[in-house]
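Q: When you get a sec, could you give me coordinates for this:
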Amino acid sequence: MNQNIANIFKSCRKFNKLQQTAMAKTLNITQGTISKIEDATMKIEMELWFKFLEIFKVKDPYCFYYNSFEISTQNSAFLVQEGSPLLPKFKFTDDFLYLEVKMIRPLIDLVQSKHSDEFDLFLKKNNLKKEIIYLLNHPIPLEIIESFFHFLESMKINAKTLMRLNLDFQSTLGETMLNGKAPELSDALNIFNQSNNILDYNFINSNQYAVSTDLTSLNSLKNDSFLMEYCLLLPLLFLKSKINPNIALVEKEIKNNNTWLISFQ
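A: Sure thing, here's the model as predicted:
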């Protein structure tokens, strides 16, 4: 648990462009305490934890359980104005396309567990700070998402292997899972809708959902691309992980140029 809190502290500090000394002053503690927390060598006191949550607008006090966090001040308009120190060389514009970290976090966790050195090189090559993976509602621009999926394919993770992957949705749905009820398909669709500006997920019934987009002209959203396949099957992968490991795709049908109907059993 100490390591989870260390990850959250360091990510939050860097996103807010603070050195350890400045963060220590904000929390009225010593720089040495910050250093020990971020090194995971000291257990944080409850009073300090809640002070940290309040000052930095962290949404869920139990976020350390799923090794991630969200902040209520985070939105795309803020990034257009301020940029992000976790993605320092990217210029955010008013119309940039994105998926939030939480949309691809299951794949990040998978590749970190199997190809951690290669993933670190990918982050460096794309000017991404590693701390970005812990801030679930940080938008990742489509250009970098595309590069990430090309990287996955180089690691032999692709559309053909997708339904065989053992993905963990604990981080993506962390707060929902801790709210006292098991997440359902409709919960997941709502979360995915709030976590991107490319795709729209719609609940049809307990065995069907629809996915639509106005951006089918983009090559990365072609029906045969790995990225699009992942986005289309993301709710199904969630159900397979959390509800029924034997769930199976029955049909993926294109209803028109920009809507897919996904049926499963």
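Q: What segments of the stretch 51-200 of the chain are helices?
A: 76-82, 101-114, 116-125, 142-154, 174-177, 185-193 (DSSP state H, counting those that start in this stretch).
Q: how much space between residue 50 and residue 37?
A: 14 Å (C-beta to C-beta, to the nearest Å). Where C-beta positions appear, they are placed from N, C-alpha and C, glycine not excepted.
Q: of these two, who's got more company?
A: Set residue 50 next to residue 37 and count neighbours by other C-beta atoms under 10 Å: residue 37 wins out with 26 against 12.
Q: OK, contacts around the more buried one?
A: 5, 6, 9, 44 (C-beta atoms under 8 Å, 6 or more residues apart in numbering).
Q: Show me what the helix or strand hosting the first one is in contact with.
A: Using DSSP states H and E, the secondary-structure element containing residue 5 is helix 2-15. Helix 2-15 has contacts (C-beta under 8 Å, 6+ apart) with 20, 23, 34, 37-44, 49, 52, 56, 58, 63-69, 71, 84-86, 129, 131-132, 134-135, 138.
Q: The residues you listed, buried ones only, as a PyMOL selection?
A: To isolate the buried members of the contacts of helix 2-15 in PyMOL, using 16 or more other C-beta atoms under 10 Å:
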select buried, resi 20+23+34+37+38+40+42+44+49+52+56+58+63+64+65+66+67+68+69+71+84+86+129+131+132+134+135+138
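Q: ok so, going back, report the backbone C-alpha coordinates of whichever helix or strand comes after the helix holding residue 5 in CSV.
A: Sequence-wise, the next helix or strand downstream of helix 2-15 (DSSP H and E) is helix 20-27. This file holds the C-alpha atoms of helix 20-27, laid out as CSV (Å, rounded to 0.1, in the frame of the first residue of the first chain):
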residue,chain,number,x,y,z
GLN,A,20,9.4,18.3,-3.1
THR,A,21,10.3,21.4,-1.0
ALA,A,22,7.3,23.3,-2.4
MET,A,23,4.9,20.4,-1.8
ALA,A,24,6.3,20.0,1.8
LYS,A,25,5.5,23.7,2.4
THR,A,26,2.0,23.3,1.0
LEU,A,27,1.3,20.4,3.4
